[in-house]
Structure formats: structure tokens, C-alpha cells
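**Student:** With the sequence up front, the predicted model follows.
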Amino acid sequence: MASKIDKVFYDIGRLEILAEQNSPIHRLDPRAKLLVTIFFVLAVVSYGKYAIADLLPFFLYPAIIIGLANLPVGYLLKKLLIVSPFVLFIGIFNPFIDREIMVQFGPLAISGGWVSFASLLLRFSLTVGAALLLIAITSFPAVCGALDKMGAPRILTVQLLMLYRYLFVLVEEGIRMIRAHALRSFSRRRPRYRIYLQLLGNLLLRTIDRAQRIHLAMLSRAFSGEIKTVRQFNFGRSELLFLLLATGALITLRTTHLTDLLGRLLLEISQ
Amino acid sequence: MHMADALLSPAVGGIMWAATGTTIIYCSKKIKHSLDDRKIPLMGVMGAFIFAAQMINFAIPATGSSGHLGGGLLLAILLGPSAAFLTLASVLTVQALFFADGGLLALGCNIFNLGFAPCFIAYPLIYQRITRRRLTAGRLLLGTMAAALVGLQLGSLGVVIQTNISGMLSLSFSSFLLLMQAIHLPIGIIEGLVTAGVVSFLWRTRPEILDRTGADQDLAKLPLRNVLIGLGVAAILTGGLLSWFASENPDGLEWSLLKATDQPELHLPATAGKTRLEKLQEQTALLPDYGFRQENQTGTELAAAKTGTTVAGLVGGAIVLLFGLLLGTILKKVGRHRGQQNR
Amino acid sequence: MSHHIVEVKDLAFTYPDRTPALQGISFRIHHGESVAIVGANGAGKSTLLLHLNGYLTPTGGQVRIGDYPLTRETLREVRRTVGMVFQDPDDQLFMSTVFDDVAFGPLNLDLPVDEVTARVDKALATVGLSHLKERPPHRLSSGQKRRVAIASVLSMAPDILVMDEPSSGLDPRARRQLIELLRSFHHTKIIATHDLDMVVDLCERTIVMHEGRVKADGPTMAIFGDAELLESCCLEKPLRMQGCPLCNK
């Protein structure tokens, strides 16, 4: 259990270091990247239940971003795989219920259920992958900064930043507690309810005390109820270009059946 | 109980984001007016606490599984509904970004499902009503349990409705709803037990902490009439939707079963799972031929053409994928090369 | 202008649960002085510090900072004048980057953006961490965190630095660097600590607290030479003033 926590910890750290790289993509204003990610997700989920071929070209986006931003493909794929069992499990029932034959490749008949299942998996990889990519090319504070500039309530962005800041502190505190418990509980892997409540309650008390000390530290630096920052972003020409290119490409993909056209063309040539 | 992008249609995702966004703005205004700047750091660290707390779990006797805290109700009790909703929104945002939990579009649904019901329905209408007049250990337990149960039931109802309207799965409504709610019963009980345990721990060790939030009456002022009207409207809407879906799609048991697996910490005992699986098989055997009725009528070929899933489409797709792979590799090489030159 | 910059007169404080923490504390600290406040755990050091920037309101007596008595009206000015460095840097560094943290105080003083950045740069240069501006605090070492915490106070240009256990949790080298850094400051310094060796290095004057009262107040060397006094306050002589345990000299 403790190792699971350590892993989460390590994971955030890894993504954070990825986001600190200096590539053309990393240098872009976070607002541009956030917008493109949102448009991308919307485009992907707007397809029907049985879309497969039309979804494939959307993998160009992660390919280009991974290439330009120099991201480790294996690591990102592994992160996707960790969460995929959920969608796999939900989707796998489609083939059993939806048995109508939908596509016929010579002797091979594929039911609608399998098609929709495959479509679900593609959709999942694309949308969840897009969120991961966003955080790998834009640091979390920068995403919050972008939200702030785009009109999200200040209290929410401040709250996000503080949560992120103290995540590390509190998780470490939690790890210490679990370790102390594990050292004295021998074979039992997980605490029982009563002890669990003690652990949780004590962690909560420490947390509330910490909040009080932080408030004190804020007050002693002239805090008067509103958190101010001077984060400056620059939405310049390259951001505009990125946004226009990406949006244009997304609209084109969404309105045409690119793969179908390409395939037909190829099949005709070969005949 | 997390929603995922892959299960959502843009319309449903958009509507839920609008609902969540409106609630966030409402909460921010409310907090600004309350002028208690102590809450700002408290919200921040409480969000981090929920994270840390979710990583600690406890053994449930005789099941071999473990439970942990969801957190919505606990936040509401300690921070008041508005601050709790914002804090929970932050927790879910960080989960969506760093742990690939659901995706960005589904985030709107998740914040709403897991935040709105505990903060704005279960807490003021159940927990507060039971504990406000007199706080005793019994009332505390009763209030927390009831509020946690109702909060989770409403949240899972949200998941059911959103998924069904989106229609990405071949499953649908009827008995599904019943089972889905049944599955969230034990989850709700665990949430209630943990929340009650932690709150009464606080109450015993540092009662002034609870007094402080209790004194923050920004919730009790919430006019009951308005809330009831809102609930009534919601009930009529849901009822209408429910009956519509029940008649439209006479199935959907299975989906709720699957949804239960979204809670990996709560493995159902093997025997129960088996009987349910058997039931499921019966169901699918009884209803072998349904699914996309409309497409059936027009013929499979048309359906295939409509969705672009043809041989040509797949060939084209393969080419595009290959091209993407190549492009990515080249870009990466070029980038590295340039990086070295710059150094 | 009065030349004694911090004056505490008959200060008394009782916590709401009726624990008396301070029972009539009085002292004056003059401009540029460097004063240590020592005493056993629970002697009231932290409670005293919390009065110096007005976080706690005394149940009796008065605090004067510079020319102002500490009241609700002067609170803002006092908090700018008194820079408070807390024991746990994780409490003090609550923003998500070093820059944002050091800029927090100046921004609250409503300074123009240029002035804020200039002050941040200067403060970070003073503590020697200009290169870590964009780093999130959770990826700093303990020594670095402590320095950033100090920078986050320096950027407000305070006259008085109040520090609670500045050397706790530091490795020997980081501690040595911190002492050198603090020695280079010309501010009035008030340091509450258990690290008596650091006191010998930094403070010419020491106030000994015991059970909410001032037990002794005088030149550091004289106080640390009084074994009986230290004993009665649960303290020990600094290591370097003790005989060598190996050769008994």
C-alpha cells in the first residue's frame, strides 16, 4: 500500500519534470494549449458509437505533440494502460449484447458490438491521452494560470494551486504515518477500521493546524483576503498559428472522411 | 463512479460542464461575500488531505477488500457547502489531469455528480437538519450515515442518466437503475462510517473545529422553500427522463454491474458476482437481438457506410497511423538534434 | 523617532482554554540589536513571537513596534515592519513557485509590478537562489526552503526580522551557511531557538524565558556562563562552552 503512494508521488514528479522541458510546444502560451486540447476532446467525442476509421487520423495530434515536445512514448502509454481496465471492462459487454453483423471482411464477420467496443477504446485513448499530454507539455501552475486568465474564479485557481502545493507535503505526512503503523502492526497489511479512523483523524487534525499556520504566514505578509500574482503570459503570433493550424486540422478531420478517401484512392490505384 | 470522456456525448458533457461552471461561479461569489479569509488556506490543504486520505485505506472485515474515504460530505461538514464544492472540484481536476481519471470533458460530470449532491442536498437537508439543534454521538452517526447514503445514491443516479443520454454503450435503463443504486449502497455505508468516524474523532478531540463551521451559518440561511422547489423540479425531470428511457430501452442491468468495477477498492464477494453474472447471461440470452434498432431497419451496410467503417476506411486509417508514427519520430529526432546544437 | 524599536511591556496572554502562556513579559530591543530568546519547550517563546506581529491580541500589557503601539489600525504597518520567518518552511511557502512566493508580500503591499519583480530578484540574490525562481517549493532541499522563506520576508523590506527556530532540520553545512547569511544582515533580529551554539555566533544579547516569564536578560556570554540559571530553566551550556568530553579540558 505504501508503495502505491510512493508511485503516485513519483508519477506526479515525472510529469512535472517533463513539463519543465524547453521545446517549441512547451514554450507556447498555456492558454493556446488548453484551448486546443479542449477542441480536440470535443471533436473526438462528437463521433457516433461505431466510428473507428474516422477516429484514427486523430492520433496524428498526439504523434506530432510527442515528437515536437520530445516526450517518452512508453511512459505515456503505460499510464494509459494503468487506467484502461475500467473502460475495457465496461465496453466488453457491448459485443455480447450487440450481435448484429455490421462489417463483413470476406469470411470474417464483425458484429456491431465489437465495432462499438473498439471505438470506445480509441475514444478513450485519445481523450485521456490528450489530458495527459496537456499536463506533460504545460506545468500544472501554468494550466491554473491559463484558467485564471481565461476568467475562472480566482478562488478556484488559488485553491487548485494550494492543493497541488500541499499534496506533496500531506502525502508525505500520510506515508510517514502508514510506515509507523506498518512497523508496529507486523503481518497486517491494512489497518482495521478503528485504527484507520485514528490515523485519518490525526492526519486531519495536523492538516487543520497546518492551515492555521499557513493563514498566519499569509497574514504576516500583509495578506488581506485576495491572493495576487504577476504571472504574465504572451499570446503572440506562434500561439495564434498553433491555434489556427490545430483548429483547422480538427475541423477538416471532423467534416471529411479522410481515411476513407485515402483508402479508396489507394485501392483504386492498386487495381 | 467516475465518468469517462469515452462514454459521453459532447452535448451531455457540455451541459454538465455548464451546470458545474455555474455552481463554481455561485460558490466563488458566496465565499467572497463571507469574507472569512481563513478558509482560503484551509480549503487548499483540505483538498490535499482528501488525496492523502484516499491513499490510506482500511480492511473491511470478512470480505478481503478495503474501503476508503470519498470526501464530499466530510468537506461539506468541515468547510460548508460552497467551499467544499470548490475544494472537491479541485481534487477531481488534479485527478483528471495527473491520474488520467476520466478525462477533461467528463470532469464536468464528475464534479457535479460527486460534489453537488453531498454539498448542496445531503449536507444542508439531511446532516444539518439532524445535527443542528443538538449534537450528540447518535445524531452525528445518524446524520452522517443518512447524508452519505443519499449523496452517493444521487451521484450514481447522475452517472446513470448521463451515460444513457450519451448512448455510447449498448446497455440502457430499466432494472439497471435499481442495481446501480444497490451497488452504491455499500459504498455509501462505507463513506458514511468513515465520515462519521472522522467527524466524531474531531468532535471528541477538538470540538471547537466543528463549532466553528457550525457557526458559519451560510448554509442554514439557505431558504428551505427554494431548495425544496429545486428538488421537486429535479425529481419531476428525472422521473420523466427515467420513464422515457425505461420505455425506450428495456435493458441496462449489465452496465450497472460494470460500473461497479469502477470502484476497485470495493470488490464484491465472489459468490454475489457469480450469481449476477449468471443473471446477466440469462438476460442477454433472453434478449439476443436488440441494440441499434434504427440501424437494423436501414440495413447494416448503410450503417457501416454512415460511420465510415469500411475496408477503404480502415486501409486509409492504417496509412494515416503509419504516417503519424513516422512524423512523430522525425520531429523528435529533429528536436533533439536542434537541442544539441543549441547547447 | 524613538531608538528602541521593539518594546514589550507587562505582556500577558492566556489561551482560551485558560492556559496562561505569558505572565508579564517586559523588554526593550534597540535598533540593530540581535537578540536570542531561549527557553525550554512550552516556556512561551512562540506565543511571544506571535504577539510581535499582532497575530495574537494580548490579554494584558502592550507591544510597541517603532513609533506605533500595536493596535488594529497599525497592524498593516507593523506587519510590513516585522518580517516573520516561521519554523516550518512548508507553512510559509504556500505558493506554487519560488517566484510567486517571494512576490506574495510585495504584491499585498500594492507595489507596482516592476518594483515587485525588482524586489523579488534582489531578495533571491541576497539568499543566493536566483537560479531557482521557477522551481516549485516541494522540489527544494530543506536548506533552500529556509532561504526562500527568508527571501519571502526580505522582499517586504522589513526593519525587524523575527525568526522561530531558523536552524532546525538543517544539515551542518546548511546550518553554517544560514548563520553566515543571517550574520550579514543589518536588520534588528529576534531569534527564538534551542540552538544555543548559533546564539553564540549571532546574538550579543539573550533573553531566557521560563514558564511564561523573563528569567534573565543580558549579554549572551554572561548568561551562558551561569550554569545554575541554565539548569533551573531546563537548558544546557552551548557545546563549545562545555569542557571537552574527550580530553576533559
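**Tutor:** Perfect, I can see it now.
**Student:** for the chain, what spans make up the strands?
**Tutor:** Reading this off chain A. A:101-105, A:108-111 (DSSP state E).
**Student:** my bad, the chain I had in mind was chain B
**Tutor:** Going by DSSP E, chain B shows strands at B:58-59, B:66-67.
**Student:** lowest-confidence stretch among the ones you listed?
**Tutor:** Lowest mean pLDDT within those: strand B:66-67, a mean of 56.
**Student:** For the residue lying closest to residue B:77 once chain neighbours are set aside, which residues are in contact?
**Tutor:** If the residues on either side of it in the chain are set aside, residue B:77 comes closest to residue B:199, at 5.8 Å by CB to CB, 6 or more residues apart in numbering or on different chains. Any C-beta I mention is one placed from the backbone N, CA and C, and that applies to glycine too. Residues in contact with residue B:199 (CB atoms under 8 Å, 6 or more residues apart in numbering or on different chains) are B:74, B:77, B:140, B:144, B:210.
**Student:** Residue C:139 now?
**Tutor:** Residue C:139 neighbours (CB under 8 Å, 6+ apart): A:13, A:16.
**Student:** Get me the contact residues on chain C for chain A.
**Tutor:** C:50, C:53, C:55, C:76, C:79-80, C:82-84, C:86, C:88, C:90-97, C:100, C:103-105, C:107-109, C:113, C:116-117, C:134, C:136-139, C:152-153, C:156 (CB under 8 Å from any CB of the partner chain).
**Student:** Could you list the contact residues of chain A toward chain C?
**Tutor:** A:13, A:16, A:20, A:140-141, A:144, A:161-162, A:164-166, A:168-169, A:210, A:213-214, A:216-224, A:227-231.
**Student:** just the buried members of the residues you listed?
**Tutor:** Taking 16 or more other CB atoms under 10 Å in any protein chain shown as the criterion, what is buried in the residues of chain A next to chain C is A:16, A:140-141, A:144, A:161-162, A:164-166, A:168-169, A:210, A:213-214, A:216-223, A:227-229, A:231.
**Student:** The residue at minimal distance from the centre of chain C bridge partners, please.
**Tutor:** Central residue of chain C (CA atoms, centre = their mean): residue C:163, 1.6 Å from the mean position. Following DSSP bridges, residue C:163 is listed with bridge partners residue C:85, residue C:191.
**Student:** Any idea how many residues pack against residue 99?
**Tutor:** Went with chain A since none was named. By the measure other CB atoms under 10 Å in any protein chain shown, the count of residues near residue A:99 is 18.
**Student:** Chain B is the one I meant
**Tutor:** 18.
**Student:** same thing with the one 10 residues further on?
**Tutor:** Residues near residue B:109, counting by other CB under 10 Å, number 31.
**Student:** I'd say it and residue B:9 touch.
**Tutor:** No. In this structure, residue B:109 is not within contact of residue B:9 by CB atoms under 8 Å, at 11.3 Å.
**Student:** measure the residue in the stretch 101-250 of chain A that chain B sits nearest to to residue C:108 for me?
**Tutor:** Per CB to the nearest CB, residue A:162 is where the stretch 101-250 of chain A lies closest to chain B, at 2.5 Å. According to CB to CB, to the nearest Å, residue A:162 and residue C:108 sit 16 Å apart.
**Student:** Residue C:88 too?
**Tutor:** Distance from residue C:88 to residue C:108, by CB to CB: 21 Å.
**Student:** And these two? Which one has more around it.
**Tutor:** Between residue C:88 and residue C:108, counted using other CB under 10 Å, residue C:108 has the larger neighbour count: 22 against 19.
**Student:** surely the more buried one meets residue A:225?
**Tutor:** No. Using CB under 8 Å, residue C:108 is not in contact with residue A:225; the gap is 9.8 Å.
**Student:** what number of residues lie near the closest residue to residue A:174 other than its chain neighbours?
**Tutor:** Distances taken as CB to CB, 6+ apart place residue B:52 nearest to residue A:174, at 3.9 Å, with adjacent residues excluded. If you count neighbours by other CB under 10 Å, residue B:52 ends up with 26.
**Student:** list the contacts for residue B:52?
**Tutor:** A:167, A:170, A:171, A:173, A:174, A:203 are the contacts of residue B:52 under CB under 8 Å, 6+ apart.
**Student:** now for the helix or strand harbouring residue C:148, which elements pack on it?
**Tutor:** Per DSSP states H and E: residue C:148 is located in helix C:142-154. Helix C:142-154 sits against strand C:82-85, helix C:89-92, helix C:98-108, helix C:113-126, helix C:172-183, with contacts defined as 3 or more CB pairs under 8 Å, 6 or more residues apart in numbering or on different chains; DSSP states H and E.
**Student:** Report the closest residue of chain C relative to chain B.
**Tutor:** For chain C, CB to the nearest CB, closest residue to chain B: residue C:94, 6.6 Å.
**Student:** tell me the contacts of the residue lying closest to residue B:98 once chain neighbours are set aside?
**Tutor:** Nearest residue to residue B:98, sequence neighbours excluded (CB to CB, 6+ apart): residue A:12, at 5.5 Å. Going by CB under 8 Å, 6+ apart, residue A:12 touches A:167, A:168, B:98.
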